[in-house]
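> Give me a model of this one.
(one chain, ligands or ions: 4)
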Amino acid sequence: MATQGQVITCKAAVAWEANKPLVIEDVQVAPPQAGEVRVQILYTALCHTDAYTWSGKDPEGLFPCILGHEAAGIVESVGEGVTEVQPGDHVIPCYQAECRECKFCKSGKTNLCGKVRAATGVGVMMNDRKSRFSINGKPIYHFMGTSTFSQYTVVHDVSVAKISPQAPLEKVCLLGCGVPTGLGAVWNTAKVEAGSIVAVFGLGTVGLAVAEGAKAAGASRIIGVDIDSKKFDVAKNFGVTEFINPKEYDKPIQQVIVDLTDGGVDYSFECIGNVSVMRAALECCHKGWGTSVIVGVAASGQEISTRPFQLVTGRVWKGTAFGGFKSRSQVPWLVDKYMNKEIKVDEYITHSLTLTEINKAFDLMHEGGCLRCVLSMHT
Ligand SMILES: NC(=O)C1=CN([C@@H]2O[C@H](COP(=O)(O)OP(=O)(O)OC[C@H]3O[C@@H](n4cnc5c(N)ncnc54)[C@H](O)[C@@H]3O)[C@@H](O)[C@H]2O)C=CC1
Ligand SMILES: N[C@@H](CCC(=O)N[C@@H](CSC=O)C(=O)NCC(=O)O)C(=O)O
Ligand SMILES: [Zn+2]
Ligand SMILES: [Zn+2]
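Numbering: from 1, shown residues only. Ligands and ions are numbered 1, 2, ... in the order given. Presented below is the predicted three-dimensional model:
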């Protein structure tokens, strides 16, 4: 039955309140308006940023909402003026938009895009500043412009990447966030050179993707830092050459790393979201040139600090969003790289569940053995 132009009622996991279990509800999804695309989500993974917003610590967190931002699906219908995708196209929703027209997109200096960010930050669509999701007339907020914990979602046309129809959606859904973020932090933000010494703080999916990117860039040493020693076995498969558990040392971890590396690392990456670790990651960098990239997302109210002397003496502090990748242009390229076996994706998927099991999937995230859990949305 044709659904174009109709309201679709489907299943979605609704976060009614911070920290309360998600509830699978029948949600009404309105048709896409001008410049919008309605997507049937087939697979979505969970990222720690979903857990972060759900926890209530995200200053932009709004409830009730539909979380989720690492997914893949098929275009169901498009609104007026949408030319770059059509029904049937295989797509990855992109929380980092790319309009190619705004000041940010045209700058050539950043992958951030200003076109829809103001609307996505307050859980609505640009066109009428309203939500396309409702339950019996009550609006439910969007999240990150993606809301992939729903069988159908509506996104802005600047927030959707058309990908190869040959790509397995149950795998490439991961290319919507964590894996590109880690790879891009190394390739685009830090621009790690061959022979560099790299430290990665936090060996979850994002940190392991940093290690994978650093290995591909020819790093000579990749030091993995995690408080869970069980992470090292798996981390070796992603390129980590040495492992440090800060709990096993009396000295500050930055001092341990400086001592092990003749003065510090060339590049470090914080992939946890812990502001004390961000400081350690900066301070373990080599005087004169060491660069530290903040990848982790820290809670509302948290602030970073260090002695300015650390920067005066040549260390550089940077951050990255979606690894600096331009989403619509480069996600299809990442999908092709995966298809050509040039980047890993399958190796990050440790669990597969269904939408109805989403609360169990969130529980799994807190277990050391879980990297990414992929939910099948229609079984
Ligand atoms: N900037 C961006 O565009 C993006 C940022 N993120 C953020 O990146 C961070 C990492 O995400 P995931 O890899 O999915 O998380 P994760 O929770 O799977 O990995 C974090 C790792 O850090 C370790 N850890 C925790 N506390 C530690 C400490 N004090 N010292 C050393 N290790 C510690 C944990 O054992 C775990 O292995 C999160 O904050 C997430 O919100 C995620 C995607 C995109
Ligand atoms: N609302 C959050 C923002 C957290 C954040 O920094 N998000 C990252 C992506 S994290 C993905 O898993 C990002 O891309 N930031 C840039 C942006 O424009 O949001 C907060 O305020 O903490
Ligand atoms: Zn994410
Ligand atoms: Zn733009």
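
> Around ligand 1, pick out the residues from the protein.
Applying C-beta under 6 Å from any ligand atom, we find that the chain lies next to ligand 1 at 47-49, 52, 177-178, 181, 201-207, 225-228, 231, 246, 271-274, 277, 295-297, 320-322. In this view, the C-beta of every residue, glycine as well, is placed from N, C-alpha and C.

> hmm, 5 Å instead?
Residues of the chain lying close to ligand 1 (C-beta under 5 Å from any ligand atom) are 48-49, 181, 202-206, 226-228, 271-273, 295-297, 321-322.

> Which among those residues count as buried?
48-49, 181, 202-206, 226-227, 271-273, 295-297, 321-322 (16 or more other C-beta atoms under 10 Å).

> Okay, and which of those map to helices?
Within these, residues falling in helices by DSSP state H are 48-49, 181, 205-206.

> Just send those residues back as TSV, with pLDDT too.
What follows is these, written out as TSV (pLDDT from 0 to 100):
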residue	pLDDT
48	97
49	97
181	98
205	98
206	98
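
> Please produce TSV containing those residues, extended by distance to residue 125.
Formatted as TSV, those follow (distance: C-beta to C-beta, whole Å):
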residue	distance to residue 125
48	26
49	21
181	25
205	29
206	28
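
> from these, which is closest to ligand 3?
residue 49 (4.1 Å; C-beta to the ion).

> okay, the nearest residue to that closest one once chain neighbours are set aside: pLDDT?
Counting by C-beta to C-beta, 6 or more residues apart in numbering, the nearest residue to residue 49 once its immediate chain neighbours are dropped is residue 297, at 5.7 Å. Residue-level confidence at residue 297 comes out at 98, pLDDT.

> Ligand 3 versus residue 297, what's the distance?
Distance of residue 297 to ligand 3, given as C-beta to the ion, to the nearest Å: 8 Å.

> Just give me the residue right at the centre of the protein.
Residue closest to the average C-alpha location in the chain (C-alpha atoms, centre = their mean): residue 177, at 3.0 Å.

> show me what contacts it?
Neighbour list for residue 177: 45, 47, 49, 69-70, 95, 322 [criterion: C-beta atoms under 8 Å, 6 or more residues apart in numbering].

> Taking the stretch 201-350 of the chain, what residue is nearest to ligand 4?
residue 326 (9.4 Å).

> For that residue, which residues are in contact?
Counting by C-beta under 8 Å, 6+ apart, residue 326 touches 98, 105, 111.
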